[in-house]
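S.K.: Let me see the structure of the following:
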Amino acid sequence: YIVGLNIGIVMLSGGVIAWMIAIPVYSTFFLGADPALSAEIAAAGPIDAAYAIWSAQVRYLGVGAMLTGGVWTLISLRSSLASGIRSGMMAGRADAGDVTPRTERDLPMRYILIGTVVFVLPLLALYQVIVGQWLVSFPMTIIMIVAGFLFVSVSAYMAGIVGSSNNPVSGLTIATILFAALVLAALLGSDSPIGAVAAIMIGAVVCCAACIGGDNLQDLKCGYILGATPWKQQVMLAVGGVSSAFIMAPVLSLLAQAYGIGVPTETHPNPLLAPQANLMASVAKGIFGGELPWTMIGIGAGIGAAIIVVDEILKKSGSSWRSPVLACAVGIYLPIELSVPIFAGGFVAYLVERKFPPGDAEGDRERIHQKGTLFSAGLITGEALMGIFIAIPIVVAGSSEVLALPEALRFGGWLGLLMLFAIAVLLYRTAMKQNSTG
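M.R.: Got it, this is the predicted structure:
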């Protein structure tokens with residue numbers, strides 16, 4: 001509902017490309033070239049066979065498309081990148097003592113530098129624990145600082161100008177990991193067993209920094225509009241960042257122990273999906289000698305390039321309809337059943353817009369979707385919190401069966417379909433109620 005029908009259709013189209021085109025084509029013409037995969041699916045049913053082909057080969061089309069999308073994001077944002085770097089440099093040279101109005105008083109730069117050093121040292125120690133070589137951990141830290149400074153400037157600039165939903169974190173993180181992996185491959189060798197881990201660690205820090213930078217800029221922008229004192233906001237944002245760092249580790253550990261994350265294992269055959277994290281891991285492993293289906297990645301890169309061409313044509317024609325490459329790439333990378341609810345939410349948003357078409361006033365779409373967006377955001381937050389709460393008894397009991405419904409009440413997938421329909425109806429009625437009263 002939040003992203004709308006356009007993104008929902010594009011993402012579902014990615015699922016159609018993977019599941020209704022690529023999997024049948026691969027199983028018909030190319031499966032014989034992979035004896036191991038052929039043997040795996042020989043005794044499997046059609047659904048399990050399709051998932052096996054998707055997991056081993058087809059989803060890497062999405063990896064290639066996301067890589068193309070990430071590079072294109074950086075190319076298309078080259079002006080914003082330069083502006084973000086310049087603004088960061090200017091902030092570094094600015095003297096907070098020269099600013100007299102209360103609403104323009106930032107934290108003195110010396111405090112920022114002290115805080116940077118304080119928080120970089122533990123990361124340096126962590127890198128040293130991982131690689132065990134100071135000649136490697138120091139370059140890792142330097143790469144992290146430089147990439148973090150550059151890309152946080154870009155992320156914050158974009159979030160401040162066009163909103164946090166357009167924060168190009170994926171592209172920035174891919175660029176960081178590619179650069180870090182190439183440097184580390186030169187230092188450690190392309191066959192190093194710790195090279196991929198080290199590159200991911202750098203990318204993780206930069207990725208988190210870029211996300212937080214975009215979010216913080218939104219807060220500071222709101223404070224500027226309302227007349228807040230910047231340095232007070234900055235202090236509390238720093239407190240929030242430090243607090244979240246202490247909370248995230250145990251929460252992620254809890255989720256990993258209860259459900260597993262990203263990679264299926266014998267203990268967790270259906271883990272929480274982490275498509276972006278798996279993408280970053282695939283990039284790093286590929287550079288350090290990992291066995292990846294590079295042919296599929298190359299084809300996916302071509303698909304991504306074709307989608308970009310279509311999007312540019314739509315842009316130049318002035319069409320309100322767009323084809324963002326990353327949305328389609330994620331649709332290819334994920335199981336199609338995850339794209340269908342996203343399309344359903346976008347379709348509900350379309351029905352609301354159709355009932356209350358926007359006029360000429362700027363911001364009509366936001367006004368129309370105000371209550372529906374809040375309802376949707378609550379669903380996202382509620383799902384995340386319930387996932388954490390449910391993980392607690394699973395970890396305590398040591399088994400997910402502790403919360404399993406009795407067999408008579410499971411009803412297969414029909415119960416989930418019924419719940420999806422009920423939530424869609426409730427979301428639609430909530431949004432319509434807002435419009436009828438506002």
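S.K.: Now the longest helix along the chain: average pLDDT?
M.R.: In the chain, assigned by DSSP state H, the helix with the most residues is helix 195-226. For helix 195-226, the mean pLDDT works out to 88.
S.K.: Who are the packing partners of that helix?
M.R.: In terms of contacts (3 or more CB pairs under 8 Å, 6 or more residues apart in numbering; DSSP states H and E), helix 195-226 is packed against helix 109-131, helix 134-162, helix 169-188, helix 230-258, helix 275-287. Heads up, the C-betas are built off the backbone N, CA and C, glycines and all.
S.K.: between those helices, which gets nearest to residue 194?
M.R.: Across these, residue 194 has its closest neighbour in helix 109-131 (5.6 Å, CB to CB).
S.K.: quick one: low-confidence ranges for the stretch 1-150 of the chain?
M.R.: 80-81, 83-100 (pLDDT under 70).
S.K.: brain fart, the stretch 301-438 of the chain
M.R.: Counting by pLDDT under 70, the stretch 301-438 of the chain shows low-confidence ranges at 357-366, 408-410, 412, 434-438.
S.K.: Which stretches in it count as helices?
M.R.: Taking DSSP state H, counting those that start in this stretch as the criterion, the stretch 301-438 of the chain carries its helices at 325-333, 336-355, 364-368, 370-397, 414-437.
S.K.: would CSV of those helices with distance to residue 131 and mean neighbour count be doable?
M.R.: Output for the helices of the stretch 301-438 of the chain, formatted as CSV (distance: least, CB to CB, whole Å; neighbours: other CB atoms under 10 Å):
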stretch, distance to residue 131, mean neighbour count
helix 325-333, 30, 28
helix 336-355, 36, 18
helix 364-368, 48, 15
helix 370-397, 31, 14
helix 414-437, 45, 14
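S.K.: ok so, going back, compare the helices and strands packed on helix 195-226 and give me the one nearest residue 215.
M.R.: Using CB to CB, the nearest of those to residue 215 is helix 134-162, at 7.3 Å.
S.K.: For the closest one, what is the distance to the chain centroid?
M.R.: 17 Å (CA atoms, centre = their mean, to the nearest Å).
S.K.: which secondary structure elements does it contact?
M.R.: Taking 3+ CB pairs under 8 Å, 6+ apart as the contact cut, helix 134-162 packs with helix 78-93, helix 109-131, helix 169-188, helix 195-226.
S.K.: Let's see that with 10 Å instead.
M.R.: Contact here means 3 or more CB pairs under 10 Å, 6 or more residues apart in numbering; DSSP states H and E; on that basis helix 134-162 packs against helix 59-76, helix 78-93, helix 109-131, helix 169-188, helix 195-226.
S.K.: Tell me which of the ones you listed is the most buried.
M.R.: The highest average neighbour count among those, using mean count of other CB atoms under 10 Å, belongs to helix 59-76 at a mean of 23.
S.K.: Make a markdown table from the helices of the stretch 301-438 of the chain and add distance to residue 147 to it.
M.R.: Below are the helices of the stretch 301-438 of the chain laid out as a markdown table (distance: least, CB to CB, whole Å):
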| stretch | distance to residue 147 |
| --- | --- |
| helix 325-333 | 20 |
| helix 336-355 | 31 |
| helix 364-368 | 34 |
| helix 370-397 | 28 |
| helix 414-437 | 40 |
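S.K.: Hmm, residue 179 is touching residue 142, no?
M.R.: No - with contact defined as CB atoms under 10 Å, residue 179 does not count as touching residue 142 (11.8 Å).
S.K.: What residues sit buried inside stretch 228-244?
M.R.: For stretch 228-244, burial by neighbour count (16 or more other CB atoms under 10 Å) applies to 230-231, 233-234, 237-238.
S.K.: okay if I get these as a markdown table plus pLDDT and distance to residue 157?
M.R.: Listed next are the buried residues of stretch 228-244 as a markdown table, based on pLDDT from 0 to 100; distance: CB to CB, whole Å:
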| residue | pLDDT | distance to residue 157 |
| --- | --- | --- |
| 230 | 89 | 17 |
| 231 | 89 | 20 |
| 233 | 92 | 18 |
| 234 | 91 | 17 |
| 237 | 92 | 17 |
| 238 | 91 | 20 |
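S.K.: out of the residues you listed, who's nearest residue 419?
M.R.: residue 237 (37.4 Å).
S.K.: That concludes my questions; thank you for your assistance.
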